[in-house]
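Q: What would the 3D arrangement of this be:
(4 chains)
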Protein chains: 2
Amino acid sequence: MAKQAPFKPTESELEILQVLWQRGKATVREVHEELATVKDAGYTTTLKLMQIMHEKGLVKRNDSSKTHVYEANVSKEKTQQHMVGKMVNTLFEGSAGQLVMRALGTAKPSRQEIDEIQKLLDSLK
Amino acid sequence: MAKQAPFKPTESELEILQVLWQRGKATVREVHEELATVKDAGYTTTLKLMQIMHEKGLVKRNDSSKTHVYEANVSKEKTQQHMVGKMVNTLFEGSAGQLVMRALGTAKPSRQEIDEIQKLLDSLK
DNA sequence: ATTTATTTACGAAGCTTGTCGTATAATTGT
DNA sequence: ACAATTATACGACAAGCTTCGTAAATAAAT
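A: Here you go, the predicted structure:
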């Protein structure tokens, strides 16, 4: 039976998940190359992190060939939901509205996003 | 010169900051009592955490009397801003709008909050 | 075929977090 | 005054994260 993912990815694990979500499947080498454009760590570091993530159940992998192919085992949506919920609790006293206000104050969304948000808000009323 | 606060409070540190933000000033005992209603850790644990937070510059303290009085040294607003920004980057590809959509999908804000958000959105257009 | 390169596996070290025990100093109660 | 309580300081430890070096196995290149 597959182990239940814990849903508390660390900073580095999130970076890796980002790549996997974006690419679907990827080898350690591919993930590492992509991270290298942003970060500065050795190949074996990325490898080790992904091995640990596999033990935790955060990713699954196909090791039928010598070069293993990895894939995220937690969805982006669920992870976002979980992390946002946690943040609302620990930093915004349970108020999603407060978080929204803060987010909008920090970075202005595009016109299109604004329209989308307004549509959603209307439907919530 | 006061050390610059690092702005990456841990989970436990956030719990303590929450109490300090709410009360303004508080002793270790007071913070601990309040946390004890939610959490289960010894007094010296809270003490140690607050001492470390002091070293980091996350809190300041008045130790003119035997019982030290602590106070947050980072504002709730700045901390929220920083944490939200980080989350937008690591989980939402830099899009605040996406975070907002997710937050609204997770927990419905009150009618009053919705109105507030809409007002803010209009002003952003 | 032999060398070179790639990949995984493993172990270890340094750092941070969270936990607590114990010692010491100060305060309070009787 | 003496005992009991309360506070700080300090050290230590387990667990987890991140880092990397090295060894062994496989694949590719010459």
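
Q: Wondering if the helix or strand hosting A:Lys86 reaches chain B at all.
A: Element membership for A:Lys86 (DSSP states H and E) is helix A:76-91. Yes: residues of helix A:76-91 contacting chain B under CB under 8 Å from any CB of the partner chain: A:79-81, A:83-85, A:87-88, A:90-91. Backbone N, C-alpha and C define where each C-beta goes, glycine included.

Q: Between the residues you listed, which sits nearest DNA strand C?
A: Taking CB to the nearest atom of the strand as the measure, DNA strand C sits nearest to A:Thr90 out of the residues of helix A:76-91 next to chain B, at 10.9 Å.

Q: which ones are touching that closest one?
A: Going by CB atoms under 8 Å, 6 or more residues apart in numbering or on different chains, A:Thr90 touches B:11, B:14-15, B:18.

Q: before we move on, what about A:Ala96?
A: A:84, A:88, B:103-104, B:106-109.

Q: which residues of chain A score low on pLDDT?
A: Within chain A, the ranges that satisfy pLDDT under 70 run A:1-6.

Q: Just the buried ones from the residues of helix A:76-91 next to chain B?
A: A:79-81, A:83-85, A:87-88, A:90-91 (16 or more other CB atoms under 10 Å in any protein chain shown).

Q: now those residues as TSV including distance to B:Val69?
A: Below are those laid out as TSV (distance: CB to CB, whole Å):
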residue	distance to B:Val69
A:Thr79	40
A:Gln80	39
A:Gln81	39
A:Met83	34
A:Val84	34
A:Gly85	34
A:Met87	29
A:Val88	30
A:Thr90	24
A:Leu91	24
